[in-house]
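In: here is a sequence together with a model predicted from it:
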Amino acid sequence: MSITKEAELIGMKKISEVVGTTLKLMREYAKIGMSTKELDEYGGEILKSYGAKSAPFETYGFPGYSCISTNKEAAHGIPSEKKILKEGDLINIDVSAELNGFWSDNGGSFVLGKDIHNHQPLVDASKDILRKAINNIKGGVKISDIGYLIETEAKKSGFKVIKNLAGHGVGRSLHEEPENILNYRVRSNRERFKKNTTVAIETFISTKSTIAVELNDGWTLVGNKGGFVTQHEQTILITDKSPIILTESNGMWN
């Protein structure tokens, strides 16, 4: 969305702090032996305590308050009592919500407990690449140039990007223009980031796959060639200088 008055900025800051805080608290609450359903219910209670509504639940009828993906799942994992968290699991939590007509989105992957499967390099690459991408965004920058940066940095780290998952505009709804802030360069895309707009920038960094495919449950996405995928996402306000990271309460880079 385009921020045209102070009240809109306040609204976006408020919901962004809510989803960021929820993500941080869920990450800290995740324990070995816990089900992803229990973790999701905890997150749902936090959102409710702020008067916020889960965006995937409200918008798409998603069977959970947040998307919790584990290990081989790339995105949109359904919280389940049968899915029990284990030492060394690669976990992704994606929290988006609405409050007073404003929407915000953030997510992050992390390793639970000891990194016995060596997922941390993939997690670190995803986080670092997101930070680098965001630091290069300002009004007038080509969206495709940021995609090129993300893919180039992924390759430098020995990884790939998922090409059919993307960042997006956010604000008055969960997904707005620009709809495809991709993790690679599309040369024909002449679109540029606009000053005073709010967007969700997200990395999808993978070990083997380049396309996410949907499982039979109609939600869960996995890589087309297997392997693992990490995602990190922040909602930002674009300016003339460095963007303002609205969801920084998630403590992703701390």
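Out: Sure, I can see it.

In: strands along the stretch 101-250 of the chain, start to end?
Out: 102-111, 160-161, 166-169, 176-182, 198-206, 212-214, 221-223, 229-237, 244-245 (DSSP state E, counting those that start in this stretch).

In: with mean neighbour count added, can I get those in JSON lines?
Out: For the C-beta atoms, the positions are set from N, CA and C on the backbone; glycine is no exception. Listed next are the strands of the stretch 101-250 of the chain as JSON lines, based on neighbours: other CB atoms under 10 Å:
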{"stretch": "strand 102-111", "mean neighbour count": "26"}
{"stretch": "strand 160-161", "mean neighbour count": "23"}
{"stretch": "strand 166-169", "mean neighbour count": "22"}
{"stretch": "strand 176-182", "mean neighbour count": "18"}
{"stretch": "strand 198-206", "mean neighbour count": "28"}
{"stretch": "strand 212-214", "mean neighbour count": "15"}
{"stretch": "strand 221-223", "mean neighbour count": "22"}
{"stretch": "strand 229-237", "mean neighbour count": "27"}
{"stretch": "strand 244-245", "mean neighbour count": "18"}
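
In: if we compare these, which one ends up closest to Tyr65?
Out: The closest of the strands of the stretch 101-250 of the chain to Tyr65 is strand 102-111. By CB to CB, the value is 13.3 Å.

In: and that closest one, how far out from the chain's middle?
Out: Distance of strand 102-111 from the chain centroid (CA atoms, centre = their mean, to the nearest Å) equals 4 Å.

In: give me the angle between that strand and strand 176-182.
Out: Using axes from the mean of the first three to the mean of the last three CA atoms, to 10 degrees, the direction of strand 102-111 lies 20 degrees away from that of strand 176-182.

In: check which strands are paired with strand 102-111 and give the direction for each one.
Out: strand 90-99 (antiparallel), strand 229-237 (antiparallel) (DSSP bridges).

In: for Glu17, which of the strands of the stretch 101-250 of the chain is the nearest?
Out: If we rank the strands of the stretch 101-250 of the chain by CB to CB, the stretch that ends up nearest is strand 102-111, at 8.5 Å.

In: quick revisit: of the strands paired with strand 102-111, which approaches Lys132 most closely?
Out: strand 229-237 (11.4 Å).

In: can I get the closest one in CSV, CA atoms only?
Out: The C-alpha coordinates for strand 229-237 follow below in CSV (Å, rounded to 0.1, in the frame of the first residue of the first chain):
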residue,chain,number,x,y,z
VAL,A,229,14.3,-24.6,1.8
THR,A,230,14.7,-21.7,4.2
GLN,A,231,12.6,-18.5,4.2
HIS,A,232,13.0,-15.2,5.9
GLU,A,233,10.6,-12.3,5.5
GLN,A,234,10.2,-8.7,6.7
THR,A,235,7.6,-6.1,6.0
ILE,A,236,9.3,-2.8,5.2
LEU,A,237,8.4,0.8,4.3
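
In: tell me how far that strand lies from the chain's centre.
Out: 4 Å.
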